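Chemist: okay, sequence plus prediction incoming.
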Amino acid sequence: MSVLENLAREAVETARDPGRFADLIAGSISLLGSDGASFKVHRPGVVEFTDASGITFIGDIHGDFYSLIAVLENTLPRIAGGGTVVFLGDYADRGYAQLESLALVLLLKKYYPERVVLLRGNHEPPEWLKPYPHDLPSVLAERFSGDAARLYGLLTRFFNHLPLIGFRRGGFIAVHGGPPLKSIRSSRLEEAFEIGSPEFSAETLESVLWSDPTELGVEAVPSPRGAGYLYGPGFTAKALSLVDGGFIVRGHEYVDGYKEMHGGRVITVFSAPLVYELRYAGIVVYSERGGERSVEKVLVEPKRPG
């Protein structure tokens with residue numbers, strides 16, 4: 001049995017045992033603030049990548065277990081080869097196997113803590129900014145009954161400890177939705193990303209988790225989603241200037257694998273096609289070798305169950 005098959009089996013078993021699931025969540029919380037082989041974590045949750053020999057970005061999962069397996073068939077060998085994997089958030093809600101998908105992502109962090117980064121999405125919400133649908137509590141209640149409230153409480157703690165932003169100087173910004181709104185008015189990334197603060201401001205949480213790019217000639221305007229902003233090419237350029245970077249990689253929108261905007265400077269990657277009746281799961285691979293930078297967009301077609 002392959003490594004991935006063993007991980008998938010363990011995820012399914014864990015997602016059916018409230019005690020094992022609780023232990024896995026609690027153990028994951030303690031790992032989120034620790035530095036890795038290619039990254040260091042700044043308070044209150046900003047990941048700086050110190051090596052970029054191979055970084056794979058995975059988009060929204062939304063409980064799409066079969067697509068996650070297909071993506072990991074491509075990705076696990078990259079970890080074994082010394083690469084790093086970054087999830088861009090939205091692990092649950094909507095999908096047919098939310099708890100199994102969450103368990104599998106957490107097991108990856110458990111077994112490869114120095115090679116796996118988990119960022120926060122808007123479906124890992126702060127208490128005051130819940131998305132719709134947010135059916136994870138109902139899924140927990142249906143499966144675990146009396147243990148559901150305790151497990152959701154643990155997951156809420158886990159959500160609140162997830163890093164919010166990743167970046168590589170000279171390379172990229174990685175977020176779920178968009179860069180912090182503070183990027184418009186800041187001249188230093190430490191200020192814009194609130195590095196060193198006790199916690200993220202409400203403005204930064206909202207703008208990072210909920211914002212979307214637009215091709216309209218605007219800097220930033222309120223989003224029709226009701227939270228976050230629509231940000232234009234000028235905003236992207238300003239945010240990237242803070243890290244001297246080439247592109248923003250983000251999730252948050254369902255697209256068939258990936259989509260480029262702002263002249264290729266914003267790449268949306270989405271990895272839950274079965275939930276949205278799409279064909280492809282996307283991944284993006286960034287690498288720096290011999291002074292050369294490359295960005296590879298990969299489409300993975302998952303097998304449909306049945």
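Modeler: Sure thing, it's come through.
Chemist: backbone torsions only: list them for residue 227.
Modeler: Reported as degrees, to the nearest 10, the phi and psi values for residue 227 are phi -150, psi 150.
Chemist: how about the nearest residue to residue 207, chain neighbours excluded?
Modeler: residue 181 (4.0 Å; Cβ to Cβ, 6 or more residues apart in numbering). All C-beta atoms are positioned from the backbone trio N, CA, C, and that covers glycine.
Chemist: wait, the one you found sits on residue 229?
Modeler: Yes. With contact defined as Cβ atoms under 8 Å, residue 181 reaches residue 229; the gap is 6.3 Å.
Chemist: the two: who's more crowded?
Modeler: Under the criterion of other Cβ atoms under 10 Å, the comparison of residue 181 against residue 229 puts residue 229 first, with 25 against 22.
Chemist: in contact with that one, which residues?
Modeler: 178, 181, 207, 210-212, 220-223 (Cβ atoms under 8 Å, 6 or more residues apart in numbering).
Chemist: please enumerate the helices of this protein.
Modeler: Read by DSSP state H, the chain holds these helices, from start to end of the chain: 3-14, 18-31, 65-80, 98-111, 136-144, 148-161, 189-192, 202-210, 233-241.
Chemist: which elements pack onto the second one?
Modeler: Contacts defined by 3 or more Cβ pairs under 8 Å, 6 or more residues apart in numbering; DSSP states H and E place helix 18-31 against helix 3-14, helix 98-111, helix 148-161.
Chemist: that older thread, check the contacts of residue 229 for burial and list the buried ones.
Modeler: Neighbour-count burial within the contacts of residue 229 applies to 178, 181, 207, 210-212, 220, 223; the criterion is 16 or more other Cβ atoms under 10 Å.
Chemist: and the furthest pair within those residues?
Modeler: Largest separation among those by Cβ to Cβ: 181 and 212, giving 13.0 Å.
Chemist: which among the buried ones among the contacts of residue 229 gets closest to residue 127?
Modeler: Out of the buried ones among the contacts of residue 229, the member with the shortest distance to residue 127 (by Cβ to Cβ) is residue 210, at 15.2 Å.
Chemist: contacts only, for the closest one.
Modeler: 122, 129, 177, 223, 225, 227-229, 252 are the contacts of residue 210 under Cβ under 8 Å, 6+ apart.
Chemist: let me have these in CSV, extended by pLDDT.
Modeler: CSV is the format used below for those (pLDDT from 0 to 100):
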residue, pLDDT
122, 98
129, 97
177, 98
223, 98
225, 97
227, 98
228, 98
229, 98
252, 98
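Chemist: in strands only, show me these.
Modeler: Among the contacts of residue 210, the members found in strands (DSSP state E) are residue 229.
Chemist: out of the contacts of residue 210, which are buried?
Modeler: Buried subset of the contacts of residue 210 (neighbour count, 16+ other Cβ under 10 Å): 122, 177, 223, 227-229, 252.
Chemist: mind putting the helices of the chain in CSV, mean pLDDT and distance to residue 302 included?
Modeler: Output for the helices of the chain, formatted as CSV (pLDDT from 0 to 100; distance: least, Cβ to Cβ, whole Å):
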stretch, mean pLDDT, distance to residue 302
helix 3-14, 98, 13
helix 18-31, 98, 24
helix 65-80, 96, 4
helix 98-111, 98, 13
helix 136-144, 98, 21
helix 148-161, 98, 25
helix 189-192, 97, 36
helix 202-210, 98, 26
helix 233-241, 98, 30
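Chemist: who wins for proximity to residue 42 among those helices?
Modeler: Residue 42 lies closest, by Cβ to Cβ, to one member of the helices of the chain: helix 189-192, at 8.6 Å.
Chemist: good, wrapping up.
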